[in-house]
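> just a sequence and a predicted model for now, questions to come.
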Amino acid sequence: MMKNPAQVLQKKPKEGSEKKYDEDYIKYGFSWCGDETAPRPQCIICGDQLSNESMVPSKLKRHLYSSHPSCANKDKQYFKRCLEENKKTEEIYEIGRNSF
Ligand SMILES: [Zn+2]
């Protein structure tokens, strides 16, 4: 007989169904984009945007493990660096566009 791991108590959301971004989700390689009241998780590695309903650790983890298995055991610092570098690249593009 196998025990059912799904029998875990789950808290119900207080109001509305929009999920909020948790700073901790960076460890799954996710940042967020869009509206602050209904943010959408955005993969730092491939830039994929998921729906607001996917703003839960299990779904973020699933994307990380299935799409980027080589990054599955990276730590927060690694993803933070990636995020900063993505931002820098965008800035460089902006500067390049303006000066030419
Ligand atoms: Zn991805």
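Looks like it arrived, so ask away.
> can you pull the contacts of F79?
26-27, 29, 44, 71 (Cβ atoms under 8 Å, 6 or more residues apart in numbering). Backbone N, C-alpha and C define where each C-beta goes, glycine included.
> which of the residues you listed sits closest to K80?
I26 (6.3 Å; Cβ to Cβ).
> which SSE is P41 in?
Element membership for P41, per DSSP states H and E: strand 40-43.
> which other helices and strands contact that strand?
strand 30-33, helix 57-67 (3 or more Cβ pairs under 8 Å, 6 or more residues apart in numbering; DSSP states H and E).
> rewinding a little: which among the contacts of F79 end up buried?
Among the contacts of F79, the ones that count as buried by 16 or more other Cβ atoms under 10 Å are 26-27, 29, 44, 71.
> out of the helices and strands packed on strand 40-43, nearest to the ion?
Nearest of the helices and strands packed on strand 40-43 to the ion, taken as Cβ to the ion: helix 57-67 at 4.6 Å.
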